[in-house]
Structure formats: C-alpha cells, structure tokens
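*Asks:* This is the structure alone, sequence omitted:
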C-alpha cells in the first residue's frame, strides 16, 4: 500500500473518530461510511473538503457519486489515482 493511500485512510479514520465513530485499524479499509450511516451528506462534504485541503487535490463530484467510494480503502485508492494523474 502506498504511503499516500495509508495517510488518506488514517485521515478518514481520524475524521470518523472525531465524530464519535470508532473503526478498528483492521476494518477501516473496508468500512462503508454510507451504508453504516456514520456520516450525513454535510459531513461527507466536510470530509471531502478536509481531504482536498490536506492533500491539495480537487475531488470531482463524479468520484463521490460512485457508491464503491463509500468504502474508505476504495476512496483512498481513487484519490491516489486522481493525484497521480495530475
């Protein structure tokens, strides 16, 4: 796993923890924050804005429409690919 992907996963895990959602390290990559109801739409936007600021990437809306990206590991992979393509 790339360093950036691991950093992104840890950032999302910290974001969730700050909102009272604890996810074990072993489970975080497969954690689906939409299916779990852990984040509402405002919090998802806040998460994306936080990641954009922290990592200097622009997240296109179509990335968030893809239901597979509700899993933390898939979101991190998509963001690494987006970053690598720029």
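*Replies:* Received, thanks. Given the structure is predicted, the values throughout are model-derived calculations rather than measurements.

*Asks:* contacting residues around residue 86?
*Replies:* residue 57 (CB atoms under 8 Å, 6 or more residues apart in numbering). Quick note: C-beta positions are derived from backbone N, CA and C, even for glycine.

*Asks:* Mind pulling up the pLDDT for it?
*Replies:* Note on residue 86: pLDDT of 75.

*Asks:* swap in residue 49?
*Replies:* The model's pLDDT for residue 49 equals 94.

*Asks:* and the helix or strand it falls within, which residues are buried?
*Replies:* Using DSSP states H and E, residue 49 maps to helix 41-55. Across helix 41-55, burial judged by 16 or more other CB atoms under 10 Å covers 47, 48, 51, 55.

*Asks:* Surely residue 63 touches residue 82?
*Replies:* Yes. If you go by CB atoms under 8 Å, residue 63 and residue 82 touch, sitting 7.0 Å apart.

*Asks:* picking that back up, what helices and strands are in contact with the helix or strand that the helix holding residue 49 is followed by?
*Replies:* Remark: after helix 41-55, the chain's next helix or strand is helix 61-65, criterion DSSP H and E. Where contact means 3 or more CB pairs under 8 Å, 6 or more residues apart in numbering; DSSP states H and E, helix 61-65 is packed against helix 72-85.

*Asks:* tell me which residues in stretch 10-28 are buried?
*Replies:* 11, 12, 13, 15, 16, 21, 23, 28.

*Asks:* out of those residues, what pair is the most spread apart?
*Replies:* The span of the buried residues of stretch 10-28, defined through CB to CB, is set by 11 and 21 at 13.9 Å.

*Asks:* pLDDT weak spots in the protein?
*Replies:* Scanning the chain for pLDDT under 70 picks out the ranges 1.

*Asks:* still on that earlier bit, would you reformat the buried residues of helix 41-55 as CSV and include distance to residue 38?
*Replies:* Listed next are those as CSV, based on distance: CB to CB, whole Å:
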residue, distance to residue 38
47, 10
48, 15
51, 16
55, 21
